[in-house]
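Participant: sequence and predicted structure below; questions after.
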Amino acid sequence: MPIENIPRTIWWEDGKVMLIDQTRLPLVGDVLVCNTYEGVCLAIKSLAVRGAPALGVAAALGMALWVTEDSWDIYDHREFLRALDLAAHEITSTRPTATNLFWGAERIRRLAHDNKDLPLDELRELIVQEALAMQAEDEERNRAIGAHGAELLAEGSRVLTHCNAGSLATAYYGTALGVIFTAHEQGKIERVWMDETRPVLQGSRLTAWELRVAGVPSTLITDNMAASVMKAGEVDAVIVGADRIAANGDVANKIGTYGLAVLAKEHGIPFYVAAPTSTVDLTIETGDEIVIEERDPHEVAGFTVSGMMEPDSEVSTRAFDMLTEEGPYTLPLLRGHQMQIMRKGGAYQFDGWFRVAPPDVDIFNPAFDVSPAKYVTAIITECGIARPDYAESLSASCSGAGGLDELRPR
Ligand code: MRU
């Protein structure tokens, strides 16, 4: 099956931002319509849209939405730029780690400030066009990353990946999975091992789904199985995405990546990071400066599940119909478990959260970790392949690419 069967992640339609709700994939494929930039902020916080490059595009489209929906009654240029800066601040306050979110908002902000003498209507149109161009550029970058990265893989490669650095984490095509898709087209992929990626399961829900849709042979494992799969000689390369890469090559990515980097080194397996230059943050020297997002403990305390139920008899259909007669029905449950059922066409959608850990247990839930540059064999960007020493190779390959450092106020 072709990769084209993977749906678009986020797009602009009739002046609205549309996105596929990744909190419910793959069992429910809802499209969320954001009518306001605040809606985009909520979608980012809830992980309905996630993955560093997709966040960059979401930030830009969110700004475009602010411009078209919230700024129509502003007639003064200074007031317009001040309010635009506030919207940018709100968007970038949603999540702290992925550079692309800041990069996306900053690129729009800079464009507006650089063109502040244009009539406001023209400036508004320019901003919308820029956001759309950024969406298209993201896909182009990912395809270039795919082409560069595939050169690193030999025929018959067995690759391990973590989290979802696929099409859903970008405007389209993916970074780490972009490399895998391209290598698969070239007949080089024997198997992809994918970690399920607790606590939010981006691996088992999103990567497993994308690879299946694209017809890439793949095997799902839990996070704690990677070590023994490597020890068994079943992995030829690890390829992951990134949320922020410091100037020295330290890489922040989904929690659990650091462990894989250390394991890869121990087993003599190359550890590759695939990311666009919009993820490279040359304004920070090392990974120590990266802010790691801490998320709600309920992600660790239990499991969130969404899916569709199709009753197998008239009796159960009648029971579900009764429950959902007046709209979504929330089941009264003890011990904090939550379950809501609603009618959807001829079936019933359920959304639940089930507690696994005992109530009041102390929980730590960092969403990302930092893999020191010494574990990273190469960083694949749209500009090519950077190898250590990254302080030199990264700044050379990113120069002129329009990263966060080049967008900083002059
Ligand atoms: O919390 P998420 O799902 O936004 O985390 C995503 C990741 O860590 C990805 O690996 C990273 O953003 C790279 S996506 C191409």
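Facilitator: Ah, there it is.
Participant: burial count for L126?
Facilitator: For L126, the neighbour count with other Cβ atoms under 10 Å is 17. Heads up, the C-betas are built off the backbone N, CA and C, glycines and all.
Participant: give me every residue in this protein lying close to the ligand.
Facilitator: 47, 50-53, 98, 163, 165, 169-170, 175, 202, 241-243, 253-254, 367 (Cβ under 6 Å from any ligand atom).
Participant: make it 8 Å
Facilitator: Within the chain, the positions adjacent to the ligand are 22, 47, 50-55, 95, 98, 100, 162-166, 169-170, 174-177, 200, 202, 240-243, 253-254, 257, 274-275, 279, 293, 367-368 by Cβ under 8 Å from any ligand atom.
Participant: now what about the helix or strand harbouring I91, what contacts it?
Facilitator: Assessed by DSSP states H and E, I91 sits inside helix 77-92. When contacts are defined by Cβ atoms under 8 Å, 6 or more residues apart in numbering, helix 77-92 is touched by residues 37-38, 40-41, 44, 59, 62-63, 66-67, 70-71, 74, 101-102, 105-106, 108-109, 112-113, 116-117, 120, 123.
Participant: which ones among those map onto helices?
Facilitator: Using DSSP state H, the members of the contacts of helix 77-92 that fall within helices are 37-38, 40-41, 44, 59, 62-63, 66-67, 70, 101-102, 105-106, 108-109, 112-113, 120, 123.
Participant: hang on, isn't D70 packed against T36?
Facilitator: Yes - using Cβ atoms under 8 Å, D70 is in contact with T36, at 7.1 Å.
Participant: find the residue closest to the closest residue to the ligand within the chain in space, skipping its chain neighbours.
Facilitator: Of all residues in the chain, G241 sits closest to the ligand, at 2.7 Å by Cβ to the nearest ligand atom. Nearest in space to G241, with sequence neighbours left out and distances taken as Cβ to Cβ, 6 or more residues apart in numbering, is A165 at 2.7 Å.
Participant: and if you look at D281?
Facilitator: Looking at D281 with Cβ to Cβ, 6+ apart, the closest residue is T99, at 4.5 Å.
Participant: what's the separation between A252 and A367?
Facilitator: 10 Å (Cβ to Cβ, to the nearest Å).
Participant: now do the contacts for T219.
Facilitator: R191, V192, W193, M194.
Participant: okay, and the beta partners of it?
Facilitator: Bridge pairing for T219 (DSSP bridges) gives the partners W193.
Participant: before we move on, the earlier item: tell me how many other residues surround the residue nearest to D281.
Facilitator: The tally of other residues near T99 (other Cβ under 10 Å) stands at 30.
Participant: show the model's pLDDT score for it.
Facilitator: Note for T99: predicted pLDDT of 98.
Participant: okay, which residue is most central for this protein?
Facilitator: The centre of the chain sits closest to G51, judged by Cα atoms, centre = their mean, with a distance of 1.0 Å.
Participant: tell me the strands in the stretch 101-250 of the chain, going along the chain?
Facilitator: Here the stretch 101-250 of the chain has its strands, by DSSP state E, counting those that start in this stretch, at 157-161, 189-195, 218-221, 237-240, 244-246.
Participant: out of those strands, which is the most enclosed?
Facilitator: strand 244-246 (a mean of 30; mean count of other Cβ atoms under 10 Å).
Participant: what number of residues lie near P297?
Facilitator: A count of nearby residues for P297, using other Cβ under 10 Å, gives 15.
Participant: contacting residues for it?
Facilitator: By Cβ under 8 Å, 6+ apart, the contact set of P297 is I363, N365.
Participant: from here on, count from 145
Facilitator: Okay, residue one is now 145; in that scheme the one you just asked about reads as P441.
Participant: look up how far G480 lies from it.
Facilitator: Shown here: P441 relative to G480, a distance of 12 Å by Cβ to Cβ.
Participant: what of E284?
Facilitator: Counting by Cβ to Cβ - E284 and G480 are separated by 46 Å.
Participant: shouldn't S422 be in contact with D549?
Facilitator: No - applying Cβ under 8 Å as the test, S422 and D549 come out as separate, 11.2 Å apart.
Participant: higher neighbour count, those two?
Facilitator: Comparing S422 with D549 by neighbour count (other Cβ under 10 Å), the higher total belongs to S422, at 31 against 17.
Participant: got a list of what that one touches?
Facilitator: Contacts for S422 (Cβ under 8 Å, 6+ apart) come out as P197, G200, T243, N244, W247, G248, D282, R285, G546, G547, L548.
Participant: from these, which land in helices?
Facilitator: P197, G200, T243, N244, W247, G248, D282, R285, L548.
Participant: and the nearest residue to the first one once chain neighbours are set aside, how close does it get to L186?
Facilitator: For P197, the nearest residue in space outside its immediate sequence neighbours is T314; the separation is 4.0 Å by Cβ to Cβ, 6+ apart. The span separating T314 from L186 equals 21 Å under the rule Cβ to Cβ.
Participant: what about these two, which has more around it?
Facilitator: Taking neighbours as other Cβ under 10 Å, T314 and L186 compare with T314 leading, 31 against 14.
Participant: run a quick neighbour tally on P361.
Facilitator: Look at P361: counted by other Cβ under 10 Å, it has 12 neighbours.
Participant: quick one: pLDDT of it?
Facilitator: Predicted confidence (pLDDT) for P361: 98.
Participant: now do R554
Facilitator: At R554, the model reports a pLDDT of 47.
Participant: for Q166, helix, strand, or coil?
Facilitator: coil (DSSP: H, G, I helix; E, B strand; the rest coil).
Participant: can you give me the neighbour number for it?
Facilitator: If you count neighbours by other Cβ under 10 Å, Q166 ends up with 25.
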